[in-house]
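[1] When you get a sec, could you give me coordinates for this:
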Amino acid sequence: MGWWGRRKSKGRKEPRFDFAGSLANLRLTIQDRLLPQGSDKGAAKQPMARRNAEDDDDDTPAPKPRPAKKRSKRGRASRGSLGRLIYWGAVLGLWGVIAVAGLLVWVGAHLPPIQSLEIPPRPPTIQIVGLDGTVLVTRGEQAGTNVALKELPPYLPKAFIAIEDRRFYQHFGVDPTGILRALITNVLHHGVSQGGSTLTQQLAKNLFLTQERTVMRKLQEAELALWLEHKHSKAEILELYLNRVYFGSGAYGVEAAAQRYFGKSARNVTLAEAAMLAGLVKSPTRLAPNRNPEGAEQRAQTVLTAMAEAGIITEAQAKATIASPAYAVKPAGAGSINYVADWIGEELDDLVGQIDVSIVVQTSIDPRLQSIAEAAVIDELAAKSTKFQVSQGALVAMTPEGAVRAMVGGRNYAESQYNRATTAKRQPGSAFKPFVYLTAIEQGLTPDTVRQDAPLKLKGWSPENYSREYFGPVTLTQALAMSLNTVAVRVGLEVGPKNVVRTAHRLGISSKLDPNPSIALGTSEVTLLELVGAYAPFANGGQGATPHVIEKIKTVDGKVLYARPVDEFGQVIEPRYVAMMNTMMQETLLSGTARKAEIPGWQAAGKTGTSQDFRDAWFIGYTTNLVTGVWLGNDDNSPTRKTTGGGLPVEVWTRFMRAAHQGVVASALPTSWAGALFSNVADNSAASGATTPPAPIGGSVHPPVMPVAQRPASGGGMDGWLLDKLFGRR
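    Residues are numbered from 1 along each chain as shown. Model prediction:
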């Protein structure tokens, strides 16, 4: 056969499905094993290619691999990824620069004009003047506070750097390292325990910005810090910072602070004093050494430790200074007028808002009366505080229209700035009873109405008279003068406790009062200021009055920012009821619990008060010229040694009122109450100092006063007269 025959005879090969036969010649070679790392992968593939070629019927040789070309593709892929990374990094960086630039422009657009940044304004001064125009006190920056950096002891500015900005000379106004450190610390402490602001940022905030905590303010602060670093040297920034930072108690600048707290120039402060000044910046109001000496000293120790860690002083110096701490001096002239100044400071924000310029505050304070009131409280306490275990006192004197003429908020302002006249709330005791009897009179009772003085039980409560002695039927006048508790409670229940509360609020009490049976005995707490203000309508014929001290506020250039408007409360007590109440409360001074409260030539009225366990002693008394209240007690509410409203408070009140009324033309209280109208006409005996009240015009239309068996006359006991009987006092 020829070629065709041979080709044809080969025939077609059919697939075989003999599984055993197909695996008969299967052998594993070394090329089929996994190769160790680093071996030539191309070499492993070549035997496999040859074996496959042998098994194939096709005689065409298998193509050889091209490892070099594969490596080239991988290289090109790597170079492409790197290029894309660089490209997108550049794009993102460009957009980041644009965003930062836009943010800076936006923040800068909300900054004050550059010209105003060149000469930052100093903090405003508040000048408080009295009724006669004399300057009583000045609050704000002290004069002559600028001091050159080179004139200060080296450790003074270094103390600020150690505690506030240890990298001051390394950063450019904003310290990223400090911000990161503060952020980590705050996260670890789960709160804001460390700040990242530099001294430059603090200066920018103090000079140009407000104290609000917003992102916008922080951004402005950072941008201004960069501007300050560009504009001024480090030494200039540090000097400006020391002369403008606030140190509390109205002191701006290190010189003013040194004078205020240590009575010396900043040029002469010791290391301990420098550490205390540096520590005040964190919280000047809370850490001021004249208010919180313990807190200021602890903070000073922290500053000294930081100075030692920074290498500014040695460990031995730090320990020696901590062992000999600085002490704030008691400033001369820190008198009671500062209580008034603090009260004014609290009122200014409501009246004129934020103060950006120096102002003059014209007040209703009479400097002469303020001095008399201060002496009356301080001298009486100095003489008798130990005997009666009384540590504090307060006095408020105002006109019947509510203008405060004198205020003493405590025994010593330098030792305690807590104002017990405006802030402290205490139980007034029987000094609250006039509101009970006024409510009763407005419901139809009269001063001559008779009620029973006898033991009383109310759901487990048994109010008792101080003497635990009862006198049967008595008039309301007698019950109020002798401060009989059972009658006050009976009358309070008769008219309704809620009505008593409404009466007190109508007359000027602003504190919350509980309308329960014990309200008649003054168990709800009030301030001395509001209690004195609530007595004012009795002295002015029934007109409403608001206690106030600020009459006018103006700038130093004379621009009026505020002028007090006239009160428009109108009549809060009908005139005939005013006359009845004055007749009753005048008897308190004539024969009741306040017989020592006598002002020659003047008709006066009032009410004593003593709280439970002798904790508080009050007397509120008035003439047509002044309404004055006195409180004595202890800040911790501990009992006194039987200090009563008719005792020491009456003595303080009498001393003040007698001096205050010297040279003033006498006038009588409205005490004639017959008919619908009252008469303010007094008989000749009132002007001559006689204690008999004028007879009612037209004769009395009320029942005759019923005599009381063994009617007591108080010598100043606790709303009564038992002390005279028990201890033989006369």
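[2] Residue 264 should be in a strand, yeah?
    No. Using DSSP: H, G, I helix; E, B strand; the rest coil, the secondary structure at residue 264 is coil, not a strand.
[3] tally of neighbours for it?
    14 (other C-beta atoms under 10 Å). For every residue, glycine as well, the C-beta is placed using N, CA and C.
[4] what sits against it?
    With contacts taken as C-beta atoms under 8 Å, 6 or more residues apart in numbering, residue 264 has the following neighbours: residue 258.
[5] separation between it and residue 312?
    Distance of residue 264 to residue 312, given as C-beta to C-beta, to the nearest Å: 22 Å.
[6] Equivalent analysis for residue 531, please.
    Summarising the geometry, the distance separating residue 531 from residue 312, computed by C-beta to C-beta, is 55 Å.
[7] List the buried residues for stretch 222-235?
    Across stretch 222-235, burial judged by 16 or more other C-beta atoms under 10 Å covers 222, 223, 224, 225, 226, 227, 228, 229.
[8] check which helix or strand covers the first one.
    What that stands for is residue 222. Using DSSP states H and E, residue 222 falls within helix 215-231.
[9] counting contacts, what elements does that helix pack onto?
    With contacts defined as 3 or more C-beta pairs under 8 Å, 6 or more residues apart in numbering; DSSP states H and E, the packing partners of helix 215-231 are helix 67-109, helix 199-208.
[10] before we move on, the earlier item: which one in the buried residues of stretch 222-235 is the model shakiest on?
    When those are sorted by pLDDT, the bottom entry is residue 223 at 76.
[11] Output the helix or strand harbouring residue 537 as CSV, nothing but the C-alphas.
    The secondary structure element spanning residue 537 is helix 528-540 (assigned by DSSP H and E). Output of helix 528-540 as CSV, limited to C-alpha atoms (Å, rounded to 0.1, in the frame of the first residue of the first chain):
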residue,chain,number,x,y,z
LEU,A,528,-33.0,90.1,105.4
LEU,A,529,-33.2,92.4,102.4
GLU,A,530,-36.6,91.1,101.2
LEU,A,531,-38.0,91.1,104.8
VAL,A,532,-37.0,94.8,105.3
GLY,A,533,-38.5,95.6,101.9
ALA,A,534,-41.8,94.0,102.9
TYR,A,535,-42.0,96.2,106.0
ALA,A,536,-41.6,99.4,103.8
PRO,A,537,-45.4,99.7,103.0
PHE,A,538,-46.1,100.0,106.7
ALA,A,539,-43.9,103.1,106.8
ASN,A,540,-45.0,104.8,103.6
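[12] pLDDT averaged over that helix, what's the number?
    For helix 528-540, the mean per-residue pLDDT is 97.
[13] for the next helix or strand after it, which positions count as buried?
    Once the chain leaves helix 528-540, the next helix or strand it forms, by DSSP H and E, is strand 550-555. Burial within strand 550-555, assessed by neighbour count using 16+ other C-beta under 10 Å, is assigned to 550, 551, 553, 554.
[14] How about stretch 434-445?
    Applying a neighbour-count criterion of 16+ other C-beta under 10 Å, the buried positions in stretch 434-445 are 434, 435, 436, 437, 438, 439, 440, 441, 445.
[15] list the contacts for the fifth one?
    Read it as residue 438. 503, 507, 573, 577, 581.
[16] and if we set it to 7 Å?
    Remark: with contacts taken as C-beta atoms under 7 Å, 6 or more residues apart in numbering, residue 438 is in contact with 503, 573, 577, 581.
[17] Tell me who's in contact with the closest residue to the second one other than its chain neighbours.
    It refers to residue 573. Take residue 573 and drop its neighbours on the chain: the residue closest to it by C-beta to C-beta, 6 or more residues apart in numbering is residue 542, 3.7 Å away. The contact partners of residue 542, by C-beta under 7 Å, 6+ apart, come to 571, 572, 573, 574, 575, 578.
[18] For residue 507, see how far away residue 542 is.
    Using C-beta to C-beta, one gets 10 Å for the distance from residue 542 to residue 507.
[19] any residues in contact with both of these two?
    When C-beta under 7 Å, 6+ apart defines a contact, the residues bordering residue 542 and residue 507 alike are residue 572.
[20] Pull out the buried residues from the helix or strand hosting residue 652.
    Taking DSSP H and E as the definition, one finds residue 652 inside helix 648-660. Residues of helix 648-660 classed as buried under the neighbour-count rule (16+ other C-beta under 10 Å) are 648, 649, 650, 651, 652, 653, 654, 655, 656, 657, 658, 660.
[21] Need those residues in TSV (columns: distance to residue 430 and pLDDT).
    As requested, these are exported to TSV (distance: C-beta to C-beta, whole Å; pLDDT from 0 to 100):
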residue	distance to residue 430	pLDDT
648	16	95
649	12	96
650	13	96
651	18	96
652	18	97
653	15	97
654	19	97
655	22	97
656	21	97
657	20	97
658	24	97
660	25	97
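[22] TSV for those residues, including distance to residue 305?
    Putting the buried residues of helix 648-660 into TSV (distance: C-beta to C-beta, whole Å) gives the following:
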residue	distance to residue 305
648	49
649	50
650	55
651	52
652	49
653	53
654	56
655	52
656	51
657	56
658	58
660	55
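[23] Closest one of the buried residues of stretch 222-235 to residue 608?
    Of all these, residue 224 has the smallest distance to residue 608: 61.0 Å, by C-beta to C-beta.
[24] can I assume that closest one is in contact with residue 204?
    Yes. Look at residue 224 against residue 204 with C-beta atoms under 7 Å: they come within range, at 3.7 Å.
[25] Doesn't residue 397 belong to a helix?
    No. Secondary structure assignment places residue 397 outside any helix; it is strand (three-state DSSP).
[26] Show the contacting residues for it.
    With contacts defined as C-beta under 7 Å, 6+ apart, the neighbours of residue 397 are 369, 373, 405, 406, 626, 628, 656, 660.
[27] Apply 8 Å and report the result again.
    369, 373, 404-407, 532, 626-629, 656, 660.
[28] List the beta-bridge partners for it.
    In this structure, residue 397 bridges to residue 406, residue 628 when assessed by DSSP bridges.
[29] Torsion angles phi and psi at residue 638?
    Here is the backbone geometry of residue 638 (degrees, to the nearest 10): phi -80, psi 150.
[30] One more: the one 4 residues further on?
    Its backbone dihedrals place residue 642 at phi 50, psi 40, with angles given as degrees, to the nearest 10.
[31] pretty sure it contacts residue 388?
    Yes. With contacts counted by C-beta atoms under 8 Å, residue 642 reaches residue 388, the gap being 7.3 Å.
[32] pLDDT value on the closest residue to residue 325 other than its chain neighbours, please?
    Distance criterion C-beta to C-beta, 6+ apart; nearest residue to residue 325, sequence neighbours excluded, is residue 297 at 5.1 Å. The score at residue 297 is 94. That number is its pLDDT.
[33] ok, residue 297 - contacts?
    If a contact means C-beta under 8 Å, 6+ apart, then residue 297 has 276, 289, 325, 326 as its contacts.
[34] and what of residue 156?
    242, 254, 266, 269, 274, 277, 278.
[35] That one: what secondary structure?
    Local secondary structure at residue 156 is given as helix here, using three-state DSSP.
[36] Can you pull out the low-pLDDT segments for the protein?
    Judged against pLDDT under 70, the low-scoring parts of the chain cover residues 1-79, 100-123, 140-145, 178-179, 181-183, 185-196, 208-217, 330-334, 672-730.
[37] Which two among the buried residues of helix 648-660 are spaced furthest apart?
    Of all pairs drawn from those, the greatest distance, 18.5 Å, lies between 648 and 660 (C-beta to C-beta).
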